[in-house]
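turn this into a structure:
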Amino acid sequence: MTNKHSEHAENSSFFQQLDICCQKIAGLIGEKQISEWTNSDYINLSRLLSRKTKIRLSESTLKRIFGKSKTSERYYPQKATRDALAQFIGYENWDKFEFRDTDQVELQVPNIKTREYTPNMQAKNRATWLVSSVFLGIAFLLAIIVLKPTDKEVPPFEGIQLMCVNPDGITPHSAIFKLVAEKNLPDSADQFSIEFGDGRTKRQRFTSNMLNHYYEVPGRYYPLLFYKNRVIDTAYVYLQTKDWSVTGYNLYDTTRVYPVPVRGDIGSHETIAASANDAFRAGVDTLKTFFLAFSNVKPTNISADNFELSVELKTSANRAGVRCSQVNVTLYGEKDRHYFSIMKPECTVWTSYQFSENRKDGSKYDLRAFGHDLSNSGLLKFQVRDKKVTLFIDGRELYNTQYNNPMGNVMGINIAFSGIGEFKNFQLKDLKTGNQF
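Here you go, the predicted model:
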């Protein structure tokens, strides 16, 4: 199940604000230009940020924010990260910094320089003086008009919310979203849109204050409300299951999914699987690339920031429609999700991961550590201790990283195979309390 997560870096004005914030930070901590910073400067800034805001950003993340690390696309940090940067320079949060009154004039108004005109009484042509006076008068009036503050300079996003009126249910589920505002909207409704979070449809604009979306795969989703290209709110949709369920679908088919019978009994640690024949009879075209997603979605008292998942996985053998034999693991938290994909070593350009706000894509980063052939099975261990992530396969550590934004409790899990896969000996427990899934 390959989901692409849009970043908030589509508008150049966002980066203008980010660059100004970076310059202000640099001015606070020293006299060196950002271009002259070394690794020790980023380590020092990481320490200072952590002390002042209680948010720890690694030096590698800071290098990406400040443009030190060169990537194919400019990195635009998550909201919590931007809040921390704004708090460091004295603002309550990023929105307060971005829509600050004094700097709005500085950033958005052309730098109109008026000069006092002293007529030259020795001039031979009085017409030149009159023309110049007229132009100066027009420039002065334009400056007054442009500089005059208006209510539309700062979009009043406070009080605008994305509400799902029926967020809880089972699949299939038609979720109803409403655009709620305490006062009048600052713009027409079609300037607001939703990214539904299931990776199956593109962002959709409001034509009125209400939108519907059809969710067909169990899970916990985090739809985003956009104003133009800016995320301003989020909501959730939570679709639970009874024990394990299987959903089949074909790649690039965003309109149809197929419930597939489950084989096995999770309570006895038997193999949990679904057969190719069952998938075919359910409607899946098994001659094309297809996926089978095993879902067990329910609320738990297991912390999504302190847990251990252990499961023996076996991906598809080589067959028509399956080249990379991938498996995708998604663990849903109350506030966000953990997700990673494991593929054959030659396919890692298509891998990706997300651990809360920490996201990377194999097309931009070296994720060869996620390249493993599990067609003969392998024991996966996924461990999170105090937001520090470690992944193991067959007892060998393959990757570690960390994140900042807390996830709340575990709200379910999804294991999706390309083609026919299976798993057994599934265990998920809280590392502090010992509570079991």
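
please make it C-alpha for all contacts and neighbour counts, starting now.
Will do.

look up the closest residue to Tyr236, ignoring the ones flanking it.
Closest residue to Tyr236 apart from its sequence neighbours, by CA to CA, 6 or more residues apart in numbering: Tyr222 at 4.6 Å.

same question for Ala293.
Ala416 (3.9 Å).

with Val262 instead?
That would be Ala274: by CA to CA, 6+ apart, it lies 5.4 Å from Val262.

if I pick that neighbour, what's in contact with it?
Taking CA atoms under 8 Å, 6 or more residues apart in numbering as the definition of contact, the neighbours of Ala274 are Val246, Val260, Pro261, Val262, Arg263, Ile420, Gly421, Glu422.

for the residues you listed, which one is nearest Lys360?
Checking the contacts of Ala274 against Lys360 with CA to CA, the nearest one is Gly421 at 24.9 Å.

test my guess that the closest one contacts Lys314.
Yes: the pair Gly421 / Lys314 is scored as a contact, 5.7 Å apart, by CA atoms under 8 Å.

so these two - more neighbours on which side?
For Gly421 versus Lys314, neighbours defined as other CA atoms under 10 Å are more numerous around Gly421 (28 against 24).

separation between that one and Gln204?
34 Å (CA to CA, to the nearest Å).

got it, and Arg220?
19 Å.

equivalent analysis for Arg396, please.
On the measure of CA to CA, Arg396 and Gln204 end up 43 Å apart.

also Glu195?
Distance of Glu195 to Gln204, given as CA to CA: 7 Å.

is it fair to say Ile20 lies in a helix?
Yes: using DSSP: H, G, I helix; E, B strand; the rest coil, the assignment for Ile20 is a helix.

report the separation between it and Phe14.
On the measure of CA to CA, Ile20 and Phe14 end up 10 Å apart.

and the closest residue in space to Phe437 that isn't next to it in sequence, which helix or strand is it part of?
Of all residues not flanking Phe437 in the chain, Leu428 sits nearest, at 5.3 Å (CA to CA, 6+ apart). Per DSSP states H and E, Leu428 falls inside strand 422-430.

shaky segments in the chain?
1-13, 70-72, 101-158, 254-255, 264-269, 319-322 (pLDDT under 70).

returning to what we had before: isn't the residue nearest to Tyr236 right up against Asp336?
Yes: counting by CA under 8 Å, Tyr222 does reach Asp336; the two are 7.1 Å apart.

list the residues that contact Glu346.
Listed by CA under 8 Å, 6+ apart, the contact set of Glu346 reads Cys324, Gly371.

quick one: the strands in the stretch 51-200 of the chain?
160-164, 168-169, 173-181, 192-195 (DSSP state E, counting those that start in this stretch).

what lies in contact with the second one?
Contacting residues not belonging to strand 168-169 are listed as Val237, Tyr238, Leu239, Gln240 [CA under 8 Å, 6+ apart].

please repeat the previous calculation with a cut-off of 6 Å.
Residues from elsewhere that reach strand 168-169, judged by CA atoms under 6 Å, 6 or more residues apart in numbering: Tyr238, Leu239.

for the remainder of this discussion, apply numbering that starts at 34.
Yes, from this point I'll number from 34; that puts the last item at strand 201-202.
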